[in-house]
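1. no sequence on this one, just coordinates:
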């Protein structure tokens, strides 16, 4: 984790409707058309979305609630892979509540962050370094394609990489993307919004709407 905002946030209201799937490396699964969300053999959906979590991983219910909302809006299956293998870099008990983006960290805040949340999490961060997580994700996608061959399209949503996309927009291998700025928000607002501020909640909801609109446009099946 690279900044204090990675450890900050709030739980969303509500409870997840899907279930953990041991046969899919412990991924969370929610199906729109299945009466029993634990039935991962449903072939009703021809498309699926893979939602990539933040550093809190599956233990924080927010990602599951967001997955349920995406599934209902798109009428498709949604998966959340456990690419931290049950050991996310950020534990739930380390989550604190941020205020607005305009409020700055003091020197003392930075020292506390490094000593309390930074140094103790180094082993978990190393075990979940990008090269390792990338391999786990590749394995999950391969498993999903093998066991769910009826999926005609699979989309993914997660961390922002707008700068990388913009740098490659004129290259032959470039692909379509969409970026939108939400002024006044903190890092992590789309996953862990501060519910005390209506403008932050509104930005969180608009970001989710943007995600859904994007998949309605790009994840089209016959």
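-> Sure, I can see it. Note that the structure is predicted; figures quoted are calculated from it, not measured. Residues are numbered from 1 along each chain as shown.
2. What about the closest residue to residue 15 other than its chain neighbours, how many residues nearby?
-> Once flanking residues are discounted, residue 15 sits nearest to residue 61: 7.1 Å by C-beta to C-beta, 6 or more residues apart in numbering. C-betas here are computed from N, CA, C, even on glycine. If you count neighbours by other C-beta atoms under 10 Å, residue 61 ends up with 17.
3. what residues are up against residue 61?
-> By C-beta atoms under 8 Å, 6 or more residues apart in numbering, the residues touching residue 61 are 11-12, 15-16.
4. At the geometric centre of the chain, which residue sits there?
-> residue 53 (3.1 Å; C-alpha atoms, centre = their mean).
5. unless I'm mixing things up, residue 80 is touching residue 26, no?
-> No - using C-beta atoms under 8 Å, residue 80 makes no contact with residue 26, being 9.8 Å away.
6. Show me which of the two is the more surrounded one.
-> residue 80 (26 against 17).
7. which sections of the protein are below the confidence cut-off?
-> 1-9, 33-44, 92-105, 109-118, 120-121, 159-177 (pLDDT under 70).
8. quick one on the thing from earlier: what residues are shared contacts of residue 80 and residue 26?
-> Contacts common to residue 80 and residue 26, judged by C-beta under 8 Å, 6+ apart, are residue 58.
9. For residue 189, see how far away the residue nearest to the centre of the chain is.
-> Separation of residue 53 from residue 189 (C-beta to C-beta, to the nearest Å): 15 Å.
10. And for residue 61?
-> 17 Å.
11. How about residue 10?
-> Distance from residue 10 to residue 189, by C-beta to C-beta: 10 Å.
12. higher neighbour count, the two?
-> More crowded of residue 10 and residue 189, by other C-beta under 10 Å: residue 189, with 22 against 18.
13. Tell me where the chain has strands.
-> Secondary structure of the chain (DSSP state E): strands at 19-21, 27-30, 47-51, 77-80, 153-157.
14. of all the ones you listed, which lies closest to residue 209?
-> strand 153-157 (12.7 Å; C-beta to C-beta).
15. Pull the residues that contact that closest one.
-> 46-52, 70, 141, 144-145, 211, 214-215, 218-221.
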